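# Predicted coordinates and the sequence they were generated for:
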Amino acid sequence: MSTPQESTIYHRLISLIKMENLSVYAFERQIKISNGWLQTHKKEPSVNRKLSNGGIGSDILQRIYEHYPHWNMMFLVFNEGEMVNKGVRIVTAQDDRPGDRPTFLNELSPNLQPAAKECLEMVELLRNQVQVLQAANADKQRIIELLDKK
């Protein structure tokens, strides 16, 4: 199911929302973003717009993917391929083990493999950073509890 060439992530996102027969409001609630958030990104000139200028960040893209894994993120971000994934195995958190990655990458078309590998490496780095931050947060929580006891 292709769609006409849409110039911005906003337009492609609206196309996907319409395909799901959702209202923009329902979509915003589903992925837990503020009411009207999508409207503020309507004038986004390109995929390369800086996050500080209102571009769609990776946290929002991750929320979209978590709720709509059948949406083709390459279409959404880069306007490449079909709107939805067809015949592509969806990788869940349980499936995303280092041993599964070569198989997953081999299932992608050759031109998408480098980008997918880079994304998986970034996910691994982010997971490590989350673990460090969780440990730091736990330490801070313990300090707060000790100070509260005094």
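Yep, it's here.
# isn't Trp37 right up against Arg29?
No: in terms of CB atoms under 8 Å, Trp37 does not count as a neighbour of Arg29; the distance is 10.6 Å. C-betas here are computed from N, CA, C, even on glycine.
# Which residue ranges of the protein form helices?
Taking DSSP state H, the helices of the chain run over residues 9-19, 24-30, 37-40, 58-67, 73-78, 101-107, 113-149.
# For the ones you listed, give me CSV that also has mean pLDDT, mean neighbour count and distance to Val84.
Supplementary listing: these in CSV, determined by pLDDT from 0 to 100; neighbours: other CB atoms under 10 Å; distance: least, CB to CB, whole Å:
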stretch, mean pLDDT, mean neighbour count, distance to Val84
helix 9-19, 89, 18, 8
helix 24-30, 92, 15, 15
helix 37-40, 83, 14, 19
helix 58-67, 88, 14, 13
helix 73-78, 87, 18, 8
helix 101-107, 58, 13, 16
helix 113-149, 84, 11, 17
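# Okay, Leu38 and Leu133: tell me how far apart.
Taking CB to CB, to the nearest Å as the measure, Leu38 and Leu133 are separated by 28 Å.
# what about Pro110, neighbour count?
Counted with other CB atoms under 10 Å, the neighbours of Pro110 add up to 8.
# For it, give me its contacts.
Contact analysis of Pro110 by CB atoms under 8 Å, 6 or more residues apart in numbering lists nothing.
# Can you give me the pLDDT of it?
Note for Pro110: predicted pLDDT of 75.
# ok, now how distant is it from Asp59?
Using CB to CB, we find Pro110 at a distance of 29 Å from Asp59.
# likewise Leu76?
Note on Leu76: its distance to Asp59, by CB to CB, is 15 Å.
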